[in-house]
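Visitor: generate a structure from the sequence data that follows.
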Amino acid sequence: MVKVSKFKNAQYLSAKTAEEYNGKTFTIDSVFSSLVGQAGEEKDKLLVRLSGIDKPIVLNQTNLAMLEMAFGDDSDLWINHKVTLNLVTVMFNGSPVQGMQLSPVK
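Guide: Numbers count the residues shown, from 1 in each chain. Coordinates of the predicted model:
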């Protein structure tokens, strides 16, 4: 079976395309900032790249806070630490949606 999600052109990993990674542990390979969003509405965001996953993950405020609490304020020191990626239901604009949660492994 070939998964269609492998052929979608999304630039970043999202909960919609992360099913195969749910519940698995990965090593943080890199952390970097990038402008994310529609042209004219871009915002500077922090992203992480995890070992074994081609697309980076844009960190929301929850994941950013969890990683900072676990590994410190200097994102360069997050590299080589392990995290577990879980798909969870979160509320967005009053509706339940699928989201990604990164849980630090200590």
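
Visitor: how near is Met91 to Gln11?
Guide: Distance, Met91 to Gln11, by Cβ to Cβ, to the nearest Å: 25 Å. The C-beta positions use only the backbone N, C-alpha and C, and glycine is treated the same way.

Visitor: and if you look at Gln61?
Guide: Gln61 is 20 Å from Gln11, by Cβ to Cβ.

Visitor: could I get the full set of strands for the chain?
Guide: Assigned by DSSP state E, the strands in the chain fall at 24-36, 43-50, 57-58, 82-92, 95-105.

Visitor: contacts for the third one, please.
Guide: Strand 57-58 is contacted by residues Tyr12, Leu13, Val36, Lys45, Leu46, Leu47, Val48, Arg49, Leu50, Asn63, Met100, Leu102 when judged by Cβ atoms under 8 Å, 6 or more residues apart in numbering.

Visitor: re the thing from before, make TSV from the strands of the chain and add distance to Asp74 and mean neighbour count to it.
Guide: As requested, the strands of the chain are exported to TSV (distance: least, Cβ to Cβ, whole Å; neighbours: other Cβ atoms under 10 Å):
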stretch	distance to Asp74	mean neighbour count
strand 24-36	10	15
strand 43-50	12	17
strand 57-58	19	22
strand 82-92	17	15
strand 95-105	15	15
